[in-house]
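Visitor: pasted the sequence and its predicted model underneath.
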Amino acid sequence: MIVAMTLKWGPVLALLGTCCLLMPACRPKQKPQAITVRIFRDLNSPYAQQLDHRILEFQASNPRLLNGALVQVGSLNIANYKSAVNNLDDPSVEIVILNSPADAASFPALQAELPHAVNVCAAVQACPAEVPALVPSKLEGQRAEAANKFVQFLAAQK
């Protein structure tokens, strides 16, 4: 009797086991890795503290990419903003926020990128007429998506 049932249900159970292994619904879903966006900016600018508050507001909104990955924001700790030209070629820099458009003259690597800059003056109250923020055009994929999400957040009115 047991042998007959095994012969009858054995192939069915084997088929179900195989389907479960092959179907994605049977496997636990992998959580996407968090994406950290690093900002090059002047930590001593007149609006640095307000920008810090906007970063915290962004983080508190639990920002996520289309694939569900969490977006985190961090600033590069650079002692001297004016002498930081070498840091702009750092592959870990996703966003550059200048104090003013005139600062682009100090950073020749950004001259070609400046036409694509977004004015984030809406993000802060004590700012000049224009505070350009840009995402380098060489940036691609999830890092570019995360950086653009943050820049759009900063460009929006409070």
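Guide: Received, thanks. Numbers count the residues shown, from 1 in each chain.
Visitor: need the three-state assignment for Thr36.
Guide: Three-state call for Thr36 (DSSP: H, G, I helix; E, B strand; the rest coil): strand.
Visitor: what is it paired to in the beta sheet?
Guide: Gln72 (DSSP bridges).
Visitor: how many other residues sit next to the residue lying closest to Gly68 once chain neighbours are set aside?
Guide: Spatial nearest neighbour of Gly68, excluding adjacent residues (C-beta to C-beta, 6 or more residues apart in numbering): Pro32 at 5.3 Å. The way it works is simple: take the backbone N, C-alpha and C, and place the C-beta from them, glycine included. Applying other C-beta atoms under 10 Å, we find 14 residues neighbouring Pro32.
Visitor: so what's Pro32 up against?
Guide: Neighbouring residues of Pro32 by C-beta atoms under 8 Å, 6 or more residues apart in numbering: Leu65, Asn67, Gly68, Ala69, Leu70.
Visitor: hmm, try it at 6 Å
Guide: Contact analysis of Pro32 by C-beta atoms under 6 Å, 6 or more residues apart in numbering lists Asn67, Gly68, Ala69.
Visitor: what's the answer for Glu130, then?
Guide: By C-beta under 6 Å, 6+ apart, the neighbours of Glu130 are Pro101, Asn119, Cys121.
Visitor: highest neighbour count among those?
Guide: Most surrounded of the contacts of Glu130: other C-beta under 10 Å gives Cys121, at 18 neighbours.
Visitor: need phi/psi at the spatially closest residue to Ala144 that is not a sequence neighbour.
Guide: Distance criterion C-beta to C-beta, 6+ apart; nearest residue to Ala144, sequence neighbours excluded, is Val135 at 6.2 Å. Main-chain torsions, Val135, degrees, to the nearest 10: phi -110, psi 120.
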